[in-house]
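# What follows is a predicted protein model with its sequence.
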Amino acid sequence: MSDTDTRQSLWTGRGIVTVLAVMPLVLVGFVIGYGVGSGENRLGDTFDEAWQSGSGTVDHAPLEASFTATEVAGPAPESPAVLPVGFSKDLGIAVTHLQFTVDESTVRPDHTAELRLPVSVPPDSEGMTIEVASVYPVGCLCELTAAAAPPYGKVWDVVEIDASATEVVLDVTGAINAPGRYGFAVTTPDRRSYLELEGSEYGAGPNLRTVSKVPPLTPPPTAPVPNPPTAPEPMPDPAVDPNAPSPTPSQDPSVSPDPSGTPDTTPSADPTLIPDATHSADPTLIPGTTPPLVPNDAPGLTPATEPSGTPGTTSPVPTAPAPMPPGDPVFPVSNPTAPLGPPQWPESGQAEEQLATCTTGDKLIPTCGALVGVAPAAHTSRKKERELLKFESRVDHPQQIYHAYERGDGRLFPTKEQIALTEDPLHPRTLLINWKPQMAEWGEIAEGDRETDAYLDRLAAHIKANFHKPFFFTVHHEPENDVDPRPGSDMEAKDYAAMYRYVVERLRGHGVDNLVTVMNYMGYLKWVEKPWHEDLYPGEDVVDWIGLSGYGQSLKDDGHSDFGEIVDQTNETAWPGFYHWVAHQHPDKPMMLAEWGVFHMNRYPDHQKTVFEEARYQMAHYPRLKAIVYFESPNAEGRNSEVHLEYDTLKAFRDLMRSPYFDVRLEWPGS
């Protein structure tokens, strides 16, 4: 397919799915789905009961399926024939957006869920990384543009595909926890890769497959059953006993049974009445099969008729409704102009409004979007807290993270000045404390150096007495430059990991429970090639975030390196880039640019501006990037990273700060 033909198919499609008269039914389905709760307790007391009618495997067609592209100024097209993901010259960065609805007639609480995305045009690269993240389900995808797309929420899965791929399958089980609408964004961090997924026409495109665990049916209630029959006794001689009972029906069909008695066999004699380990009374509820999705009399609304027997009687076996035609979607593509019914449900574990309004949750991880921060006036003797306020005024945007550097000189932190910055009710802030111990070598600290232990104990007491809000904390950031790989040096990579763990566990052991730990890598590519690089990682249980220091500078003597190179720079070796490394090796960890900056160069005066302008759009590649902290310095080893040296540069940085990605409200538990 030529590039021109491909683009044409994106906008015209191969057909339009007619909505007909099903929209009122879908809206009624929403009411049913939302009828399990109201007010603040949306799940309600009857939540578990409301799901009991769901069953088996269901493929949900998307309500809407479209895409945004950074080189396309207009809104997302309606029902395009294909859904692009990745980078192309005419589209720029393309992100596929999907919206689905589920209700209690199709999904039970104990379930799995996956996006199944047929591939129309596979990537032409050896491997392409694909990620899926939750996004707020907007009223209509036709409102979306690349600049106004909702910020990414939690990343649920990452896979790698190649040119042979015919389908992309992404696990989103954790995202579905209640009836309602769900939005997903399908992205790639690969800045030179591109693929096209099938659109939703004819019901052959993407779907959300849910597989609910359906317990075996219980036997229908019946009248009391006598003990199992045994071999019949010999017939009595009427001459001997004239009052002997009449023969049973099985012995003489001409004799009627006692009307007050019970059948001579148990219900298990009829396999249609009681299920066993491999059979079900209702074939629509056999686990692992695709049941009829809805009853014949109300497509898309309610499950099949349930038995209506009363205690003491045997309920009749319901007649299974006729199956729907293969490929017939549970919910057809919606009319974007139609009303959307009740408010949308959120992603897993979040209050209803948290994807509409991005806030910080556990471990200061934003529910969507990313935090911003600054290390102001670095490498100067200026009062840093005052410089932070100046920076905020200059860039016209509050900075939620104040990055402070503490050395092992005995000073306790957070200081009064640092704490004061976090108590501004109009501009909520937290801290990133970067502590570099200098009392002993790494290995010695890990073994229990007395001086370091005494300091850590005082520090723990100080934090517990003076500061109770969560704050970011890292130990000896950028350790790569200080590794001494010689055995016994106490500064080997494994010594660093042991030291980091020791410090965190000692503070936590003294009751400091508000540390949000960050493992902060230097990010220079020469270090990732070292055989000891993997040994630096302290462990999943003592690392909450993974941080990176990255800087934009002239890498090819052309004055240009972009934001993507800062986040995910690669080289000629097998190193995939830090973002890729985190995605595949530590997929449950959020990522932070703990330091990033762009240096001003007189030879290339537009260099900073270009990077800031591109960063606003290149954030579309990185859904797991949840914080960026600028390193502002007039003299960073002879280079200047200040953002206000050129008016156009400052304007570009201000525009970056106003991106929807950074519209996050910093909150603490109980705030």
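Received, thanks.
# can I assume Ala498 is in contact with Ala446?
Yes. Under the criterion of Cβ atoms under 8 Å, Ala498 lies in contact with Ala446, with a separation of 3.8 Å. Quick note: C-beta positions are derived from backbone N, CA and C, even for glycine.
# Where does the prediction get shaky in this protein?
1-55, 202-203, 215-354, 553-560, 572, 670-671 (pLDDT under 70).
# Which parts of the stretch 451-600 of the chain are strands?
471-475, 515-521, 545-552, 591-598 (DSSP state E, counting those that start in this stretch).
# With distance to Ala420 and mean neighbour count as added columns, please give the ones you listed in a markdown table.
Conversion of those to a markdown table gives the following (distance: least, Cβ to Cβ, whole Å; neighbours: other Cβ atoms under 10 Å):
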| stretch | distance to Ala420 | mean neighbour count |
| --- | --- | --- |
| strand 471-475 | 14 | 26 |
| strand 515-521 | 20 | 23 |
| strand 545-552 | 25 | 23 |
| strand 591-598 | 23 | 27 |
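# How about the contacts made by Asp541?
The neighbourhood of Asp541, defined by Cβ atoms under 8 Å, 6 or more residues apart in numbering, contains no residues.
# and it, how far is that from His97?
Between Asp541 and His97 the distance, using Cβ to Cβ, to the nearest Å, works out to 35 Å.
# neighbouring strands for the strand or helix carrying Thr101, and are they parallel or not?
Secondary structure assigned from DSSP states H and E places Thr101 in strand 92-102. For strand 92-102, the pairing partners within the sheet under DSSP bridges are strand 64-69 (antiparallel), strand 82-88 (antiparallel), strand 180-187 (antiparallel).
# and the second one, which residues are buried?
It stands for strand 82-88. Val82, Leu83, Pro84, Val85, Gly86, Phe87, Ser88 (16 or more other Cβ atoms under 10 Å).
# Not counting its own residues, what contacts it?
Identification of contacts with strand 82-88 by Cβ under 8 Å, 6+ apart yields 3, 6, 9-10, 65-67, 69, 91, 93-96, 117, 120-121, 123, 128, 130, 186-188, 190-199, 205-206.
# Whichever of those end up buried, select them in ChimeraX.
With 16+ other Cβ under 10 Å as the criterion, this ChimeraX line picks the buried residues out of the contacts of strand 82-88:
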select :6,9,10,65,66,67,69,91,93,94,95,96,117,120,123,128,130,186,187,188,190,191,193,194,195,196,197,198,199,205,206
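# Of the strands of the stretch 451-600 of the chain, which is nearest Val395?
Proximity to Val395, assessed across the strands of the stretch 451-600 of the chain by Cβ to Cβ, is greatest for strand 591-598 (13.5 Å).
# For the closest one, report the contacting residues that lie outside it.
375, 403, 432, 434, 472, 474, 477, 518, 520, 545-553, 566-567, 578-579, 582, 607-608, 611-612, 622, 624-633, 636, 641.
# Okay, angle between the helix or strand following that strand and strand 591-598 too, please.
Remark: after strand 591-598, the chain's next helix or strand is helix 607-618, criterion DSSP H and E. Angle between the axes of helix 607-618 and strand 591-598 is 150 degrees (criterion: axes from the mean of the first three to the mean of the last three Cα atoms, to 10 degrees).
# Starting from helix 607-618, tell me the next helix or strand along the chain.
Elements were assigned by DSSP H and E; along the chain past helix 607-618, the next helix or strand is strand 625-631.
# name the helices or strands packed onto that next one?
Counting contacts by 3 or more Cβ pairs under 8 Å, 6 or more residues apart in numbering; DSSP states H and E, strand 625-631 is packed against strand 371-375, strand 401-407, strand 545-552, strand 591-598.
# Kindly recompute the last result at 10 Å.
strand 371-375, strand 401-407, strand 545-552, helix 563-568, strand 591-598, helix 647-657 (3 or more Cβ pairs under 10 Å, 6 or more residues apart in numbering; DSSP states H and E).
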